[in-house]
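Chemist: Fold the following for me, if possible:
(one chain, ligands or ions: 1)
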Amino acid sequence: MKVETLRWAHNKLEMIDQRILPAAFEYLSYYTAASVAEGIRSMVVRGAPAIGVAAAYGVALEALRLSSATPPLSPEGRGGSEAGFNAGMEEGFNVLAASRPTAVNLFWALQRMRKVWESVVTQTPQQVAQRLLAEAHEILAEDIRINKAMGANGAALLADGARVLTHCNAGALATAGGGTALGVFRSAVEAGKKISVIADETRPFLQGARLTAWEMVQENIPLTLITDNMAGYMMAHGEVDAVVVGTDRVAANGDVANKIGTYMVAVLAKRHNIPFYVACPLSTIDLNIATGADIPIEERSVDEVKGFRDYHWAAQGVKIRNPAFDVTPAELVTGLITEKGVVLQPDVQGIRKLMG
Ligand code: MRU
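Modeler: Below you'll find the model as predicted:
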């Protein structure tokens, strides 16, 4: 089954509401940058590459909305309404940039859209909007191609029969299609390897139990769900052959930010001599950040830790923290799997060479 996490239909963006999966499967419609930003913040759409694609469409939607309110170019030249268009666009970029802080793909996509905007800034708002929409389509299509290449590179690392643990959801739902870590699993299966997946449930938002499990069940890829605190037991009992996870941002030295709990898994993998791979498109590598210590880590609402949805099990009045990501030092990473190849034992030199 092909999961279309985001799609352009009838002049609007549609995104699967990942907050209600797997209980219900529903698309929500988006028409403005502000509503897309809210969709990202509230995790209707989540996962680093998918956030980037959504943001690109957010920019295009804003341009379409503003240009439809801007009269076409008059014979006298550009009018005051274009100043309004440009100011509205800046506001759209700002609201999208403020939606979530950790996934660098968001800022990467906004930067790319801004460059396109600058390259056509002398054209009419209507032409600018069409060019930005074409770029958003290209970012979506490119993400699917990248995931395919990354999947093939990663699949080669997995032995036939491998039992592979993953954390969070780095699947089709976290991208425009195919997935990063789950893309590796899909490619391994396509190559005829009989792999099986172990998914951490991934507290507190349950991306593993709800989303990774749903995706693997759809495709009949064998999956065993465990709670996060069972990973050490599984490794100690020889039930894990490799770990493959995704990432939201990789620093220039190879430190990796990913869903909270990933660091714990990496430490356990090292203790048990299990390879720990990170599937990561080049757009997730941030050369402006020297080490993981500088990666901004999102703190989300404490309600997510209190319980799930409306049911709260934590004691009333208790102090709660909810950092949504942690950083795994490069020394614990066996390899970065990218669309350009695998960087073993990533460090500054290896990453620089990869990025050309
Ligand atoms: O908070 P989320 O669900 O957006 O976090 C997602 C992750 O941590 C994924 O592992 C990461 O974005 C890689 S997705 C291909």
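
Chemist: rest of the way, CA atoms for contacts and neighbours
Modeler: OK.

Chemist: What ranges does the stretch 251-356 of the chain have for its helices?
Modeler: 262-271, 303-306, 348-355 (DSSP state H, counting those that start in this stretch).

Chemist: Which pLDDT value does the model give the residue most central in space within the chain?
Modeler: Residue closest to the mean C-alpha point of the chain, counted by CA atoms, centre = their mean, is residue 48 at 1.8 Å. Residue 48 carries a pLDDT value of 98.

Chemist: What of residue 71?
Modeler: Looking at residue 71, its pLDDT reads 57.

Chemist: Out of the helices of the stretch 251-356 of the chain, flag the one nearest the ligand.
Modeler: helix 262-271 (8.6 Å; CA to the nearest ligand atom).

Chemist: So which bits of that closest one are buried?
Modeler: Neighbour-count burial for helix 262-271, counted by 16 or more other CA atoms under 10 Å, picks out 262-269.

Chemist: still on that earlier bit, for the residue nearest to the centre of the chain, what are its contacts?
Modeler: By CA atoms under 8 Å, 6 or more residues apart in numbering, the contact list for residue 48 reads 103-106, 174-175, 247-248, 284.

Chemist: Would you check which of these are in contact with the ligand?
Modeler: With CA under 6 Å from any ligand atom as the criterion, those include 174-175, 247-248 near the ligand.

Chemist: Show me what from the stretch 1-150 of the chain comes close to the ligand.
Modeler: So the stretch 1-150 of the chain meets the ligand at 46-49 (CA under 6 Å from any ligand atom).

Chemist: Kindly recompute the last result at 5 Å.
Modeler: The stretch 1-150 of the chain comes close to the ligand at residues 46-48, as judged by CA under 5 Å from any ligand atom.

Chemist: Which strands or helices does the helix or strand where residue 144 lies pack on?
Modeler: Of the helices and strands defined by DSSP states H and E, residue 144 is found in helix 125-155. Other helices and strands packing on helix 125-155, by 3 or more CA pairs under 8 Å, 6 or more residues apart in numbering; DSSP states H and E, are helix 48-68, helix 104-119, helix 181-190, strand 335-338, strand 341-344.

Chemist: Nearest approach to residue 134 belongs to which of these?
Modeler: Among the helices and strands packed on helix 125-155, helix 48-68 comes nearest to residue 134, with 8.5 Å by CA to CA.

Chemist: Only the buried residues of the closest one, if you could.
Modeler: Within helix 48-68, the residues that count as buried by 16+ other CA under 10 Å are 48-67.

Chemist: Stretch 14-26 too?
Modeler: Buried residues in stretch 14-26 (16+ other CA under 10 Å): 14-19.

Chemist: Spit out the contact partners of the closest residue to the ligand within the stretch 51-200 of the chain.
Modeler: The stretch 51-200 of the chain approaches the ligand most closely through residue 170 (3.7 Å), counting by CA to the nearest ligand atom. Counting by CA under 8 Å, 6+ apart, residue 170 touches 47, 179-182, 212, 245-247.

Chemist: Great, nothing more from me.
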